[in-house]
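Novice: Provide a 3D model corresponding to the input given below.
(chains A and B)
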Protein chains: 2
Amino acid sequence: MKSDLDQLMANRSLDAIIVAGDEHANPPRYYLTNGAMVTGGYVLKKRGSDPIMVVNPMEIEEAAKSGLQVYSNNDFDWGALYKEMDGDLTKATVIFWKRLLLRIGVESGKIGVYGAGTINHYLELIRLVEAQYPEYQFVGEMGMSLFEEAYVTKDAAEISRIRSVAQRTSAVWQATWDFIADHRSEGETVVKEDGSPLTIGDVKHFVRRELLDRDLEDDAMIFAEGRDGGFPHSRGEADMPLKLGQPIVFDLFPRELGGGYFHDSTRTWSIGYATPEVEQAYNEVMDAFDVAVDNFRLNLPASRLQEAVQDYFESKGHPTTRSNPATTVGYVHSLGHGVGLNIHERPGIGHLSKDKLQAGNVISIEPGLYYPDRGFGVRVEDLCYVDATGNLISLTDFHKELVLPLKKH
Amino acid sequence: MKSDLDQLMANRSLDAIIVAGDEHANPPRYYLTNGAMVTGGYVLKKRGSDPIMVVNPMEIEEAAKSGLQVYSNNDFDWGALYKEMDGDLTKATVIFWKRLLLRIGVESGKIGVYGAGTINHYLELIRLVEAQYPEYQFVGEMGMSLFEEAYVTKDAAEISRIRSVAQRTSAVWQATWDFIADHRSEGETVVKEDGSPLTIGDVKHFVRRELLDRDLEDDAMIFAEGRDGGFPHSRGEADMPLKLGQPIVFDLFPRELGGGYFHDSTRTWSIGYATPEVEQAYNEVMDAFDVAVDNFRLNLPASRLQEAVQDYFESKGHPTTRSNPATTVGYVHSLGHGVGLNIHERPGIGHLSKDKLQAGNVISIEPGLYYPDRGFGVRVEDLCYVDATGNLISLTDFHKELVLPLKKH
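Specialist: Reported below is the predicted structural model:
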């Protein structure tokens, strides 16, 4: 949780952190600034002190919405510095970083650098700052980083925001089901009033508008029909018509407009009817979903859930990435993952995961089966959170029917 | 241009480049993969060879759309490696990087690392790979980086895509003008049919739908009224009603849905009427726009355009960041910037810029005046390109009227 940051910094012997990069798709920055929409600038935090924000003077009004103490570049004589360096942005930025660190009272020490940004820029900048100011050591982190560790458990304010995204997403599920149902078929093709085919592009467009009307934004939804659904991350072809009896893997993971918290859920729909083969796979996936939920216990190693599901799928004769690490058919991915400001966070729920399942986790549960050569994939996913008493509670309030009947004939 | 990449690599003595990071908001990756929507993975290019793409097996179908040669992690025995490292992603990734470089035939040398991603991750990863494989030197870049240098001049395919975004954006300008005009006022407030105020949030929602209908996405448009418009980057308050005679700075910079090329343009509108003070500032900004266009010459230092505009504004008694680097009133920003896969690219058109104006540039021209204490800001911006013969041609096909009259009374 956010309140753990000082302890997490202490565990890493960090005297301070700098969060760099832009405002969009920059979770650590969003996390610290409560979503203030500011282009450029920095967030700095000395261990034991509140974070501060430093921005271009043009951005101070937006930055103030962060609730943090805000400084403008003018407070560091940026204009004069830039002029003094004869417009050499690199030289000026190196000196600017020193001034930033002095402002938060850090004259030397170990500085963690975080945020999402242009990799080449920060690689070189940090090399130059270290060369010019050897009193600082700048460090990165792989694996479970400071922020990723904080994100693992969500506080009440975060749960409430994710719940709101979940409710709005569930409404979009219902609206999309109703939208498709309100069509008719000609032969095996779903068609519009004028007899032209209803395409994946049409449905995605409808979904994006429905999301927008609820202040959500799409982050590249998957709506993959037939064989395409057999590749877990195929996004679907816009011009492909919807067909009866062709299962569609629809994975919808919108977030709050302008960046923010995600909700992740998936349904598989077969319009009009389902083939017996798809129906069987679907039932097995639904059973796997129940296996996961039934095996959930507070403080359980996350790998156990995946293993239980792998046991189940293997017992039904499906390859898994445990039985064959290179398989591209059967059950080919992890059971789920944390979701928050990132669509993929810890804990990871794979069979090699070292993570534990904790109170405050928000996790996806998403078993699936993939057989592109047999023309289908199936996946079902809810987003769940783990409450203080260890209950796994689904946030996704939408039914899991496979067959979507058309209302018109 | 993209065809310059080998020469640009040679200029930097780079034996190879690795482009890392995710698919969204990652311009170098988009540039090399033609917008393939793939989560994770890498693009690698040995100098003198075509780039290759390496992705999770789940992503191969999407990756194939890049037109590049695509490898899956399985081609590098990723699953076995990950297992061998007992699920230690960090250790496995370090070895994986070595295998990637060997695949493109680079056994040692200088490797440029590019892309947008999690800064802490790549800082640490590169430190570890260098420690384990000292035959490689990994380097970043600030300032005019390899890709930024390539982006400066657009090829015909890029111009054509930007032109399409421009046409669609111009249609949204017209639709939004018409939408607002189709309201009436009560007192000084613009109201809807039911008498409730038309708010900035209402207009932004309308604009986002209009963009979506044209396969464009908003990247945090500015719609800032009255005093807010006096802060160049204030985004505007959603619940603020539109008022007569209060100038609105409307800066719209959508891009192709799912990431891609931007178009950047700004208009200032005063609904019903404009105050004499705003009208005067507006006329001066329009004159400044003409000063910029009239002074444009092929191969001119970009700083000259900004200086010409600064000369003009200073002659009218306005502070500028040249006369006072710390000013927050008057003319407080550069005249413009390159636009492409990034909303801000080179050339920069500031008075300290070292860039030249070249054929193939796509640049914004956006003079403005800001007086928040007097309750207004004014900015006008078109996106222009420089054709092969050195003509500056506007891509923004929408009028620059200040006063937006309401049709209803």
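Novice: for the rest of this, base every contact and every neighbour count on C-alpha atoms.
Specialist: Will do.
Novice: for chain B, what's its nearest residue on the stretch 201-350 of chain A.
Specialist: Minimum separation of the stretch 201-350 of chain A from chain B (C-alpha to the nearest C-alpha) falls at A:P325, amounting to 5.1 Å.
Novice: next up, the contacts around that residue.
Specialist: With contacts defined as C-alpha atoms under 8 Å, 6 or more residues apart in numbering or on different chains, A:P325 is in contact with B:79-80.
Novice: please read off the pLDDT at it from the model.
Specialist: We note a pLDDT of 85 for A:P325 in this prediction.
Novice: ditto for A:I180
Specialist: As predicted, A:I180 sits at a pLDDT of 98.
Novice: and it, how far is that from chain B?
Specialist: Note on A:I180: its distance to chain B, by C-alpha to the nearest C-alpha, to the nearest Å, is 19 Å.
Novice: what's the domain layout of chain A?
Specialist: Dividing chain A into domains by automatic domain parsing, as the record does, gives the ranges A:2-149, A:152-404.
Novice: measure the residue of the stretch 201-350 of chain A closest to chain B to A:P301 for me?
Specialist: A:P325 sits at a distance of 21 Å from A:P301 (criterion: C-alpha to C-alpha, to the nearest Å).
Novice: then A:Q310?
Specialist: Counting by C-alpha to C-alpha, the gap from A:Q310 to A:P301 is 15 Å.
Novice: now A:G317
Specialist: Distance of A:G317 to A:P301, computed by C-alpha to C-alpha: 25 Å.
Novice: ok, now A:A288?
Specialist: As for A:A288, its distance to A:P301 is 18 Å (criterion: C-alpha to C-alpha).
Novice: who has more neighbours, those two?
Specialist: Neighbours per residue (other C-alpha atoms under 10 Å in any protein chain shown) separate A:A288 from A:P301, with A:A288 holding more: 25 against 19.
Novice: helix/strand/coil for the more buried one?
Specialist: What DSSP: H, G, I helix; E, B strand; the rest coil gives for A:A288 is helix.
Novice: now do the contacts for it.
Specialist: A:309, A:312-313, A:367.
Novice: hmm, try it at 6 Å
Specialist: For A:A288, the set of contacting residues under the criterion of C-alpha atoms under 6 Å, 6 or more residues apart in numbering or on different chains consists of A:V309.
Novice: now do A:L383
Specialist: Taking C-alpha under 6 Å, 6+ apart, one finds A:264, A:363-364, A:394-396 in contact with A:L383.
Novice: settle this for me: A:K46 is touching A:A16, isn't it.
Specialist: Yes. A:K46 is in contact with A:A16 according to C-alpha atoms under 6 Å; the separation is 4.2 Å.
Novice: between these two, which one's more packed in?
Specialist: Neighbours per residue (other C-alpha under 10 Å) separate A:K46 from A:A16, with A:A16 holding more: 26 against 21.
Novice: buried sites along stretch A:276-284?
Specialist: Using 16 or more other C-alpha atoms under 10 Å in any protein chain shown as the test for burial, stretch A:276-284 gives A:278-279, A:281-282, A:284.
Novice: gap between A:T39 and chain B?
Specialist: Distance, A:T39 to chain B, by C-alpha to the nearest C-alpha: 8 Å.
Novice: tell me the secondary structure for that residue?
Specialist: Bear in mind the rule, three-state DSSP; under it A:T39 is coil.
Novice: state the distance from it to A:E61.
Specialist: A:T39 sits 12 Å away from A:E61 when distances are taken as C-alpha to C-alpha.
Novice: shouldn't A:A25 be within a helix?
Specialist: No. Assessed with three-state DSSP, A:A25 is coil; it does not lie in a helix.
Novice: need the residues of chain A near chain B, please.
Specialist: Residues of chain A found near chain B, taking C-alpha under 6 Å from any C-alpha of the partner chain as the criterion, are A:58-59, A:62, A:79, A:87, A:113-121, A:123-124, A:140-142, A:231-234, A:325, A:352.
Novice: okay, and which of those map to helices?
Specialist: Counting by DSSP state H, these place A:62, A:79, A:119-121, A:123-124 in helices.
Novice: deepest-packed of the domains of chain A, please.
Specialist: When these are scored by mean count of other C-alpha atoms under 10 Å in any protein chain shown, the highest mean neighbour count falls to domain A:152-404 (a mean of 20).
Novice: what's the first-to-last distance across it?
Specialist: Distances were taken as C-alpha to C-alpha; on that basis the terminal residues of domain A:152-404 are 36 Å apart.
Novice: and stretch A:109-126, by the same measure?
Specialist: Using C-alpha to C-alpha, the end-to-end distance of stretch A:109-126 comes out at 14 Å.
Novice: likewise stretch A:137-152?
Specialist: Across its full length, stretch A:137-152 reaches 27 Å end to end, with C-alpha to C-alpha as the criterion.
Novice: residues in contact with it: which ones?
Specialist: For stretch A:137-152, the external contacting residues (C-alpha under 6 Å, 6+ apart) are A:1-2, A:110-113, A:346, A:361, B:120-121, B:123-124.
Novice: gap between the closest residue in space to A:N120 that isn't next to it in sequence and A:I119?
Specialist: When the adjacent residues along the chain are set aside, A:N120 lies closest to B:G140, with 3.8 Å between them (C-alpha to C-alpha, 6 or more residues apart in numbering or on different chains). For B:G140, the distance to A:I119 equals 7 Å [C-alpha to C-alpha].
Novice: next: A:Q137.
Specialist: Applying C-alpha to C-alpha, one obtains 18 Å for the distance of A:Q137 from A:I119.
Novice: please apply the same query to A:V203.
Specialist: From A:V203 across to A:I119, the span is 36 Å (C-alpha to C-alpha).
Novice: next: A:M9.
Specialist: For A:M9 relative to A:I119 (C-alpha to C-alpha), the value is 23 Å.
Novice: surely A:F250 is within a strand?
Specialist: Yes. The assignment for A:F250 (three-state DSSP) places it in a strand.
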